[in-house]
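Chemist: The sequence isn't on hand, but the structure is:
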């Protein structure tokens, strides 16, 4: 079975632009969470979605939004990019009993 | 807030035992995860503790004390490949709070 997949792997954007990151969870997992990880720090929780509904939101500005599709894949959108948005964006697929499995991440660089 | 504290860096020798401590806020706490993260890679799941006590899984063990808001990850028979960051993460309902990670260096 395929693990969690994310696309693209790397992305370079300019300040003010918008970006969409994509994630496909492990087959059978209905929950997806998004995290931002700045170099040298632990992941910071952005969103969790379950059955297409938002179940949790971290302390991020409204420029960050997400959605989950009927096939449980998910997109994270970030508008009006800032230099500080440069980070590794991780998607985690959640099965039962709160276990989370992370995808390889998308490394976003904002210039 | 829901702060997670763990040491920033640790160093140990190949073949030795190392214990990485983690403290967390107990209010609303559901369970405690440990992840391993090699440089440039995504975190990989190591363990999950929800009840007090020690969970052993090969060379790795994880301990939890819910009343004290304390956990540790014990790594035995250290190998060079164990050099990585170890992330402690607490689950609070639908929210997962990660610590800053402990960067472990295993020396020959």
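Modeler: That came through fine. Treat the numbers as computed from the prediction; the structure is a model and nothing was measured.

Chemist: Residue A:42 contacts residue B:98, correct?
Modeler: Yes - if you go by CB atoms under 8 Å, residue A:42 and residue B:98 touch, sitting 3.6 Å apart. C-beta here means a position set from N, CA and C on the backbone, and glycine is covered the same way.

Chemist: Now for those two: what residues contact both?
Modeler: Shared contacts of residue A:42 and residue B:98, defined by CB atoms under 8 Å, 6 or more residues apart in numbering or on different chains, comprise B:4, B:87, B:89.

Chemist: in chain B, which spans are helices?
Modeler: With helices called from DSSP state H, chain B shows none.

Chemist: can you point me to the longest strand in it?
Modeler: strand B:84-92 (DSSP state E).

Chemist: if you average pLDDT over that one, what comes out?
Modeler: Taken as a whole, strand B:84-92 carries a mean pLDDT of 94.

Chemist: What is it packed up against?
Modeler: Counting contacts by 3 or more CB pairs under 8 Å, 6 or more residues apart in numbering or on different chains; DSSP states H and E, strand B:84-92 packs against strand B:4-5, strand B:18-24, strand B:31-37, strand B:70-75, strand B:95-98, strand B:102-107.

Chemist: Considering those, which stretch scores lowest in mean pLDDT?
Modeler: Looking across those, the weakest by mean pLDDT turns out to be strand B:95-98, at a mean of 88.

Chemist: which of the residues in that strand are buried?
Modeler: B:95, B:96, B:97, B:98 (16 or more other CB atoms under 10 Å in any protein chain shown).

Chemist: quick revisit: relative to residue B:40, which of the shared contacts of residue A:42 and residue B:98 is nearest.
Modeler: Nearest to residue B:40 among the shared contacts of residue A:42 and residue B:98: residue B:87, at 14.8 Å, using CB to CB.

Chemist: Would you mind confirming that the closest one is in contact with residue B:43?
Modeler: Yes - between residue B:87 and residue B:43 there is a contact under CB under 8 Å: 5.7 Å.

Chemist: ok so, going back, need the shared contacts of residue A:42 and residue B:98 in TSV (columns: distance to residue B:53).
Modeler: TSV is the format used below for the shared contacts of residue A:42 and residue B:98 (distance: CB to CB, whole Å):
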residue	distance to residue B:53
B:4	20
B:87	21
B:89	19
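
Chemist: sorry, back to before: for the helices and strands packed on strand B:84-92, which one sits closest to residue A:38?
Modeler: Minimum separation from residue A:38 across those (CB to CB) falls at strand B:95-98, 11.7 Å.

Chemist: if we can go back for a sec, which one of the shared contacts of residue A:42 and residue B:98 sits in the busiest neighbourhood?
Modeler: Compared across the shared contacts of residue A:42 and residue B:98, residue B:87 has the highest neighbour count, 26 neighbours, by other CB atoms under 10 Å in any protein chain shown.
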